[in-house]
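[1] I'd like to go over a predicted model; first the sequence, then the structure.
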Amino acid sequence: MKLFVFAIGGTGARVLRSLTMLLAAGAKVPDNLTLIPILLDMDMQNGDTARALNTVELYRTIRNGAYPNGAAPSGQSDAPKAFFSTLIQSLGTLQSETTQERIGDSFLPQLTEHQGTFEEFLNVSTMDDIDRELLKVLYDNSAKPTSAELKLDLSVGFKGNPNIGSVVFNALEDSALYKYFVGAFNNETDRIFIISSIFGGTGSSGFPQLVKLLQEPSQKMPIRNARKGAVTVMPYFALEENGQSAIDQNRFNSKTKAALSYYQNQIHLDSLYYIGDKPGAKLYANVEGGAKQANNAHIVELLAAETVLDFASRSAGEFAGNRTYYEYGLRRDDRQLDFAHFADSTYRNVMLPLVRFAYASKFYTEYVPANLRESFARSLGLQQQLGSSTYFVALTKFMGDAFRKWMTEMADNDRKFDPFNFQTDFNGMVRAKQIEPKTFMGFGDKGISESFLLNEAGDAEPKLLAQYPQAETRLMHLLMAVADKCVQKLGDLNRQLV
């Protein structure tokens, strides 16, 4: 089953970044799932978009190296999924009936070739006087950066103006991107999911226009009949005051209310998920777009990413009835969150895989480089490949940089999620439970000690060698084997709120 995921605007990109982390950790999804992420943003230099794009590209590099034959291992339904097991492909790599269109092998295909102002996009200079005057009534004609509409530079997005974005997205149907998508969507078991915000410019304008396109009576049957879902992200953060910015956060709530009223009657999907949060005291920088717009990761984005997994995991029979609507709620409204705050399904399908992945991350980025002379490392050729091979470098960037930074950003938010302490040893890494060594005069169970890790890696690697002669594949299985032993040492976590 292919799931086409349209991630619209900055919020769509941030949720896609979290979704990629969850898939890397082996969060629960169907074994046959192939994810097709499609980032939609006029602001091609946006920092959030660039960061999401880099994360997905790293994921693809790692998966292609770890599972060169395509299929990742699948075990029992209740067994942990393999790291990086879900196949992620770009839209341009799929076969499409629209052979005359070429969109390239990118997760961020070009939305439109236009790079100028909104005024130029509308070809105002070719209009007659009456039409030009009408536009001046509908849109601000000044060049002031805080209020520009007709003279808005579209290369940095819509700056929170859905009245502009909806006009631009109205041309989506004629784009090479959309034509290629239509040509590539041919299997009625495939599904469509849309990620967007409801309070900004790009997401709140792109979402209804895309849904409208997908619902057109003239649309090809596989798309019309496909199961469709979406997550609508409501306001969840506050911005610093910036008199030079066109983004007015005071309009977030009013835009949300107006959009919800419209969605009630005009948006018809099989499943629609809503999530948001009351902004706290911590403020994000008020940046209109470009490379500097890179907000810290937020727990809301992680939970929004979970909605994609939930939608993909639902059986066909679950869509047979009426449309379904979902909201996410914590078990208790605390500003600092731990595993006990989440529903059992979130804990089981998302949080436990993150614990396992965190152990693997710590083992690969800290223990392995310090023990390259050990037999398991020599057999894998790590001393030669760790800093030079494309696969090993990508894995280090993902586990050591991208994953750690993502977790650190969520820990630094007002709604704080900080489950791991990577600065301490393995016994204390999971904040919810300290592994207490059971020793007497230096002997006994020392928990997850260096000797424990060495023994587990040393025992596992020779057993994996015959089945996985390729070092990249064998290393991935070794990381999972060691992480599983660490999780066993950790044992059950407390699920009671205190």
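    Great, that's in hand.
[2] go ahead and confirm residue 230 touches residue 193.
    Yes. Using CB atoms under 8 Å, residue 230 is in contact with residue 193, at 6.4 Å. In short, each C-beta sits where N, CA and C put it, glycine included.
[3] next one: stretch 212-222 to chain centre, how far?
    In terms of CA atoms, centre = their mean, to the nearest Å, the centre of stretch 212-222 is set 27 Å apart from its chain centre.
[4] buried residues in that stretch?
    Buried residues in stretch 212-222, counted by 16 or more other CB atoms under 10 Å: 212, 213, 214, 219.
[5] which strands and helices sit next to the helix or strand residue 203 falls within?
    Element membership of residue 203, judged by DSSP states H and E, is helix 202-214. Packing partners of helix 202-214 (3 or more CB pairs under 8 Å, 6 or more residues apart in numbering; DSSP states H and E): strand 2-8, helix 9-24, strand 34-40, helix 162-169, strand 191-197, strand 227-233, helix 252-266.
[6] of all these, which one is nearest residue 110?
    Ranking the helices and strands packed on helix 202-214 by proximity to residue 110 (CB to CB) places strand 34-40 first, at 10.1 Å.
[7] what strands line up against the closest one, and which way round?
    Strand 34-40 has the following strand partners under DSSP bridges: strand 2-8 (parallel), strand 87-88 (parallel).
[8] got the angle for it vs helix 202-214?
    If you take axes from the mean of the first three to the mean of the last three CA atoms, to 10 degrees, strand 34-40 sits at 120 degrees to helix 202-214.
[9] and for strand 34-40, what are the contacting residues?
    1-9, 12-13, 16, 19, 23, 49, 52-53, 56, 86-91, 94, 107-109, 111, 177, 181, 202, 206, 210 (CB atoms under 8 Å, 6 or more residues apart in numbering).
[10] let's see 7 Å
    2-8, 12-13, 16, 49, 52-53, 56, 86-89, 91, 107-109, 111, 206 (CB atoms under 7 Å, 6 or more residues apart in numbering).
[11] check stretch 91-100 too.
    Under the contact criterion CB under 7 Å, 6+ apart, stretch 91-100 has outside partners 36, 38, 103-106, 109, 179-184.
[12] buried among those residues? Make that a PyMOL selection.
    Filtering the contacts of stretch 91-100 down to the buried ones (16+ other CB under 10 Å) takes a single PyMOL command:
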select buried, resi 36+38+103+109+179+180+181+182+183+184
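[13] over the helix holding residue 203, what's the mean pLDDT, rounded is fine.
    The average pLDDT within helix 202-214 is 84.
[14] check the offset of the helix or strand following that helix from the chain's centre.
    Moving toward the C-terminus from helix 202-214, the next helix or strand (DSSP H and E) is helix 221-225. Centroid separation for helix 221-225 versus its chain: 26 Å, with CA atoms, centre = their mean.
[15] just to revisit the earlier point, dump the helices and strands packed on helix 202-214 into a markdown table; add mean pLDDT as well.
    What follows is those, written out as a markdown table (pLDDT from 0 to 100):
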| stretch | mean pLDDT |
| --- | --- |
| strand 2-8 | 96 |
| helix 9-24 | 96 |
| strand 34-40 | 95 |
| helix 162-169 | 73 |
| strand 191-197 | 95 |
| strand 227-233 | 95 |
| helix 252-266 | 68 |
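[16] of the contacts of strand 34-40, buried ones?
    Buried members of the contacts of strand 34-40, scored by 16+ other CB under 10 Å, are 2-8, 12-13, 16, 49, 52-53, 56, 86-88, 91, 107-109, 111, 206.
[17] hey, what's the nearest residue to residue 327 once chain neighbours are set aside bridged with?
    What sits nearest to residue 327 in space, not counting adjacent residues and going by CB to CB, 6 or more residues apart in numbering, is residue 274, at 5.0 Å. Per DSSP bridges, the residues bridged to residue 274 are residue 232, residue 327.
[18] would you confirm that residue 274 contacts residue 235?
    No. Using CB atoms under 7 Å, residue 274 is not in contact with residue 235; the gap is 11.7 Å.
[19] how about the helices in the stretch 301-450 of the chain?
    Per DSSP state H, counting those that start in this stretch, the stretch 301-450 of the chain carries helices over the ranges 344-346, 352-362, 375-380, 382-385, 390-396, 403-411, 450-465.
[20] hmm, who's touching the helix or strand just after the last one?
    If you walk from helix 450-465 toward the C-terminus, the next helix or strand you reach (DSSP H and E) is helix 471-490. Contacts to helix 471-490, defined as CB under 7 Å, 6+ apart, come from residues 65-67, 82-83, 355-356, 359-360, 363-364, 376, 380-381, 391, 426, 430, 433, 435, 447-448, 453, 456-457, 460-461, 464-465, 468.
[21] stretch 418-429 now?
    338-339, 358, 362, 404, 407, 411, 430-432, 434-435, 437, 447-448, 486.
[22] would you mind checking the average pLDDT for it?
    96.
[23] cool, and stretch 45-65?
    93.
[24] now what about it, what contacts it?
    Residues outside stretch 45-65 that contact it (CB under 7 Å, 6+ apart): 10, 13-14, 16-17, 20, 24, 37, 39, 41, 43, 84, 87-88, 107-108, 157, 289-295, 390-391, 394-395, 397-398, 402, 472.
[25] among the residues you listed, which ones are buried?
    With burial judged by 16+ other CB under 10 Å, the buried subset of the contacts of stretch 45-65 is 10, 13-14, 16-17, 20, 24, 37, 39, 41, 43, 84, 87-88, 107-108, 157, 289-290, 293-295, 391, 394-395, 397-398, 402, 472.
[26] how many other residues sit next to residue 327?
    Look at residue 327: counted by other CB atoms under 10 Å, it has 9 neighbours.
[27] list the contacts for the closest residue in space to residue 347 that isn't next to it in sequence?
    Once flanking residues are discounted, residue 347 sits nearest to residue 339: 5.9 Å by CB to CB, 6+ apart. By CB under 7 Å, 6+ apart, residue 339 lies in contact with 347, 351, 419, 432, 493.
[28] coming back round to it: wait, which of the helices and strands packed on helix 202-214 is closest to residue 118?
    Using CB to CB, these put helix 162-169 closest to residue 118, at 5.5 Å.
[29] pull out the buried residues from the closest one.
    For helix 162-169, a neighbour-count test (16+ other CB under 10 Å) marks 162, 164, 165, 166, 167, 168, 169 as buried.
[30] and residue 236, what element?
    Residue 236 belongs to no helix or strand when assigned by DSSP H and E.
[31] relative to residue 341, how far out is the closest residue to it other than its chain neighbours?
    Nearest non-adjacent residue to residue 236, counting by CB to CB, 6+ apart: residue 277, 3.9 Å away. Per CB to CB, to the nearest Å, residue 277 is found 13 Å from residue 341.
[32] now do residue 104 against residue 446, distance only.
    Residue 104 is 53 Å from residue 446, by CB to CB.
[33] residue 447: how many residues sit nearby?
    When neighbours are counted by other CB under 10 Å, residue 447 registers 19.
[34] let me see the contact set for it.
    427, 435, 437, 489.
[35] PyMOL command for the buried members of those residues?
    One line in PyMOL is enough to select the buried ones among the contacts of residue 447; burial here means 16+ other CB under 10 Å:
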select buried, resi 427+435+489
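[36] state the pair within the contacts of residue 447 that is farthest apart.
    437 and 489 (10.4 Å).
[37] where does pLDDT dip in the stretch 301-450 of the chain?
    Counting by pLDDT under 70, the ranges of the stretch 301-450 of the chain that qualify are 439-444.
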